[in-house]
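>>> Requesting a structural model of the entry that follows:
(chains A and B)
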Protein chains: 2
Amino acid sequence: MSYELYYWPTIQGRGEFVRLALEEAAAPYVDVARMPAPDGGVPAMMALLDGDSVPHPPFAPPFLKSGRLLIGQTAAILAYLGERHGLAPKSEAGRLWVHQIQLTVADLVTEAHDTHHPIASSLYYEDQKKEAARRAEGFRNVRAEKFLGWFETILERNGSGTGAGTWLAGRSLSYADLSVFQVVEGLRFAFPKTMMRLERKLPRLVALHDRVAARPRIKAYLTSERRLPFNQMGIFRHYPELDP
Amino acid sequence: MSYELYYWPTIQGRGEFVRLALEEAAAPYVDVARMPAPDGGVPAMMALLDGDSVPHPPFAPPFLKSGRLLIGQTAAILAYLGERHGLAPKSEAGRLWVHQIQLTVADLVTEAHDTHHPIASSLYYEDQKKEAARRAEGFRNVRAEKFLGWFETILERNGSGTGAGTWLAGRSLSYADLSVFQVVEGLRFAFPKTMMRLERKLPRLVALHDRVAARPRIKAYLTSERRLPFNQMGIFRHYPELDP
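Residues are numbered from 1 along each chain as shown, chains lettered A, B, ... in the order given. Predicted structure coming up:
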C-alpha cells in the first residue's frame, strides 16, 4: 500500500522534508497534488483540508495519508515515518533527541521563510520589501549562525569514538540528518554569500550535507524529476538584496 | 524523583505549557531558574545551554531534566510527559493527533510573538513598532481566526456521541487541551478586543477553556504564586495599539 503525500505541487517547501524521508526509505508514495485530476491535483488536497467530514483535518499541508491515518505537521509525519522505516533510533531517549533536532529545524525554516515575508504570508514580497530587508539582516547576522552552529556542536558531541560527527544522533542516519541536509541546500540557494561566510566554521555540517547527498537513493532522487527545483514561490527564495 | 524544569524565571512564555502539564499531573518538579543560586537561577540554566560537555544541549529554553534525560522543545517535552502521566491517548494514532494539535499551537504561539517582534527578538518592541502594527493587523484579521477556528472545528468533530466537543482529542483531557487553554488566556491578555469579537463564534473553545480552568489542580495552580502573571516581557503582550 502506498503512502499519499499531500503538498503544494510547485514548491519544495515543508513537503520536501517528508519527500526526502520517503525517498531514503524507498517507501512507495504518491505525491497526490502533483498527479492529474480528478484523483490528484490541488482540489484533492483541499478536499481533505476543508472537507466537512474529515475527523482529524490537518491545519495546513504537508500531510500524509497512511491507510486510515491522516497526519499533519512535518515533524509529526517524520516521527511516524522514522519509527516505521528505521530513520530514527529505537530507544525513547534517542527518538526524543532526533525529534528535538527536527523541531529546531522547523523553527529555523519558519525564520528563513519570514526573512522574505515578515509581515504576512498573504501579501506579496514586494509589499513587505523594506521590512524583509530588516528581518533578513538579523537572520544573516545572528539567527542563521546560531542555528547552524548548534548543528555543528551536536555533530561534534555525538560520541567521541570513531563515529564522532558522522550523523547528528546515534550511529545511523535519521530523518533529522535528511532535514538538515535540506536546510543547507535551501540556505545555499537563498543566502549564497552568507553561507559561503558561515560554512568556513561549519566543517562537520558541510560534511554531513555531502554524506547525505551521496546516499544512493537521495542521489537518484535529486537528479530525478520528482525533485522540484528551488524557486521564488517556496520557503527558501533568492533575493540578492536580502543577501548583500 | 523530581523533574527539573528550566525556563526564564520572569515570564510564562513557552515554559507555561510545560508547567500546566506538570501541575495537572501533580508531578513533582523544581522550576530551577526561579530558585536561589547557586543551585538555581538563570546561571544554572545557562550552564546546561552553553556547557561544553552537555551531550544533547537544548537549542533554547524551555527544557526538562528527567533523570539522565534532557529534553528541549516544548512539544517534545509534552509528548514525553503526556505518555508518562496519562495526558495523551495510549494508541499511536491518538498520540500523533494530540501531538499534531500541539505543533499547531506552537505555530500559533510563534505568530502571536511575532506580532510585537516581527523584525528581530534581539531588538526592542519600540524599534519595530511600525512593522508590528502591520504584522498584528494580519494576525487579528486572518491568522488568529484561522487557528482558533481550527480548534473549534476539531472540538466539534471529536466524536458525535455524548462526549462531542468535551476535549480536543479522544475522551480524556490531554496536554493539548491544557495548551489551548493557555493560548486563549494569552490571547485574551494580548488582544482583548479581537478576542471579544472572535469568541462569539467559538462557543466550544470557550467552554473548553472554562472546563480546563475549573480542573482542581489547574485552579489551585492559577491562584498560586507559582503562576506568574502575564507581563510585557513574555510572548503574549498587551499593546493597545496592536489591538485597536
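>>> who touches stretch A:64-82?
Contacts with stretch A:64-82, where a contact means C-beta atoms under 8 Å, 6 or more residues apart in numbering or on different chains, come from A:1, A:3-6, A:14, A:17-18, A:21-22, A:25, A:27, A:48, A:54, A:56-63, A:87-88, A:95, A:98-99, A:102-103, A:106, A:174-175, A:179, B:75, B:93, B:96, B:99-100, B:103-104. For every residue, glycine as well, the C-beta is placed using N, CA and C.
>>> Buried subset of those, written for PyMOL?
Selecting the buried subset of the contacts of stretch A:64-82 in PyMOL, with 16 or more other C-beta atoms under 10 Å in any protein chain shown as the burial test, is done by:
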select buried, (chain A and resi 3+4+5+6+14+17+18+21+22+25+48+56+57+58+59+60+61+62+63+87+88+95+98+99+102+103+106+174+175+179) or (chain B and resi 75+93+96+99+100+103+104)
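>>> Which parts of chain A belong to which domain?
Domain assignment for chain A by automatic domain parsing gives A:3-84, A:92-215.
>>> Let me have those in JSON lines, extended by distance to residue B:113 and mean pLDDT.
Below are the domains of chain A laid out as JSON lines (distance: least, C-beta to C-beta, whole Å; pLDDT from 0 to 100):
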{"stretch": "domain A:3-84", "distance to residue B:113": "18", "mean pLDDT": "96"}
{"stretch": "domain A:92-215", "distance to residue B:113": "11", "mean pLDDT": "95"}
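>>> will you turn the ones you listed into CSV that also has distance to residue B:186?
Shown next, in CSV, are these (distance: least, C-beta to C-beta, whole Å):
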stretch, distance to residue B:186
domain A:3-84, 18
domain A:92-215, 19
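>>> Of all those, which one is nearest residue B:151?
domain A:3-84 (9.6 Å; C-beta to C-beta).
>>> Compute the inter-axis angle for the longest helix belonging to chain A and helix B:92-116.
Taking DSSP state H as the criterion, chain A has its longest helix at helix A:92-116. Computed with axes from the mean of the first three to the mean of the last three C-alpha atoms, to 10 degrees, the direction of helix A:92-116 lies at 40 degrees from that of helix B:92-116.
>>> gap between helix A:92-116 and the chain center?
Remark: helix A:92-116 is offset 9 Å from the chain centroid, using C-alpha atoms, centre = their mean, to the nearest Å.
>>> is any part of that helix close to chain B?
Yes: contact check for helix A:92-116 against chain B, using C-beta under 8 Å from any C-beta of the partner chain: residues in range are A:92-93, A:96-97, A:99-100, A:103-104, A:107, A:110, A:114.
>>> That helix packs against which elements?
Taking 3 or more C-beta pairs under 8 Å, 6 or more residues apart in numbering or on different chains; DSSP states H and E as contact, the helices and strands that helix A:92-116 lies on are helix A:74-84, helix A:129-138, helix A:144-157, helix A:175-190, strand B:69-72, helix B:74-84, helix B:92-116.
>>> now those as CSV including distance to residue B:142?
Formatted as CSV, the helices and strands packed on helix A:92-116 follow (distance: least, C-beta to C-beta, whole Å):
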stretch, distance to residue B:142
helix A:74-84, 22
helix A:129-138, 17
helix A:144-157, 28
helix A:175-190, 25
strand B:69-72, 31
helix B:74-84, 24
helix B:92-116, 10
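>>> just to revisit the earlier point, out of the domains of chain A, flag the one nearest residue B:200.
Shortest separation from residue B:200 across the domains of chain A is recorded for domain A:3-84, at 21.6 Å, computed as C-beta to C-beta.
>>> Tell me which residues are up against the strand or helix carrying residue A:43.
Residue A:43 belongs to helix A:42-50 when assigned by DSSP states H and E. Residues from elsewhere that reach helix A:42-50 (C-beta under 8 Å, 6+ apart): A:6-9, A:32-33, A:35, A:37-38, A:54, A:57-58, A:60-61, A:63, A:65, A:70.
>>> one more time with 10 Å
A:4-10, A:32-38, A:54, A:56-63, A:65, A:70, A:72 (C-beta atoms under 10 Å, 6 or more residues apart in numbering or on different chains).
>>> Buried residues in that helix, which are they?
A:42, A:44-45, A:48-49.
>>> on that earlier part again, now the longest helix of chain A against helix B:74-84, angle please.
Using the same axes, to 10 degrees, the direction of helix A:92-116 lies 150 degrees away from that of helix B:74-84.
>>> so what's residue A:59 closest to, chain neighbours aside?
residue B:104 (4.6 Å; C-beta to C-beta, 6 or more residues apart in numbering or on different chains).
>>> nope, residue A:51 is what I was after
residue A:57 (7.1 Å).
>>> about what we covered before: and the two most separated of the buried residues of helix A:42-50?
Maximum pairwise distance among the buried residues of helix A:42-50 (C-beta to C-beta): 11.2 Å, between A:42 and A:48.
>>> in which helix or strand would I find the residue nearest the centre of chain A?
The centroid of chain A falls nearest to residue A:17 when counting by C-alpha atoms, centre = their mean (3.6 Å). Per DSSP H and E, residue A:17 falls inside helix A:15-24.
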